[in-house]
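> Give me a model of this one.
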Amino acid sequence: MNFNDYQAKSRKTAGYPAIGHAVIYPVLGLANEAGEVAGKVKKVFRDKDGKISEETRQALKAELGDVLWYLAQVATELDLSLDEIAEHNIEKLYSRLERGTIRGEGDTR
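Residues are numbered from 1 along each chain as shown. From the prediction side, this is the model:
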């Protein structure tokens with residue numbers, strides 16, 4: 001499945017309250033789901049000696065799916081396609097790679 005197909009299909013399942021601007025709810029959901037991914041990884045190091053079991057891997061897959069869903073909704077609310085976002089990001093990263101600035105700080109490096 002490509003990103004644009006996912007975005008269109010996931011949109012059919014989107015139903016959330018309007019809180020001011022339509023982008024607010026999915027942005028908050030994205031932050032929440034990203035936090036859940038981080039929490040599961042944290043617990044791997046706290047409780048499982050840094051070893052990711054198959055059960056944890058599957059749980060992370062589910063949480064990453066939730067991250068993707070919210071990302072798709074944020075993009076849709078901003079009238080952006082996931083394909084467009086992915087292309088832009090790769091162009092930015094390859095430009096940094098070619099200029100020797102892949103490491104370091106700053107969005108405009």
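
> in stretch 21-40, what counts as buried?
Going by neighbour count (16 or more other Cβ atoms under 10 Å), the buried part of stretch 21-40 is 25-27, 29-30, 33-34, 36-37, 40. Placement of C-beta: from N, CA and C, glycine included.

> Kindly report the same for stretch 69-86.
The neighbour-count check on stretch 69-86 (16+ other Cβ under 10 Å) flags 69-77, 82, 85 as buried.

> ok so, going back, with distance to residue 58 added, can I get the buried residues of stretch 21-40 in TSV?
Shown next, in TSV, are the buried residues of stretch 21-40 (distance: Cβ to Cβ, whole Å):
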residue	distance to residue 58
25	27
26	24
27	27
29	21
30	21
33	16
34	18
36	14
37	13
40	11
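
> Take those residues and keep only those in helices.
25-27, 29-30, 33-34, 36-37, 40 (DSSP state H).

> quick one, what contacts the spatially closest residue to residue 77 that is not a sequence neighbour?
Sequence neighbours aside, residue 23 is the residue nearest to residue 77 in space, at 4.2 Å (criterion: Cβ to Cβ, 6 or more residues apart in numbering). Residue 23 makes contact with 74, 77-78, according to Cβ atoms under 8 Å, 6 or more residues apart in numbering.

> Helix or strand with the lowest mean pLDDT in the chain?
The weakest-scoring helix or strand in the chain, judged by mean pLDDT, DSSP states H and E, is helix 82-99 (a mean of 95).

> Report the buried residues of it.
For helix 82-99, by 16+ other Cβ under 10 Å, it's 82, 85.

> From the rest of the structure, what touches that helix?
Here helix 82-99 has contacts from 2-4, 6-7, 71-72, 75, 102, 109, using Cβ under 8 Å, 6+ apart.

> Return a ChimeraX selection command for the buried portion of those residues.
To isolate the buried subset of those in ChimeraX, counting by 16+ other Cβ under 10 Å, use the following:
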select :3,6,7,71,72,75
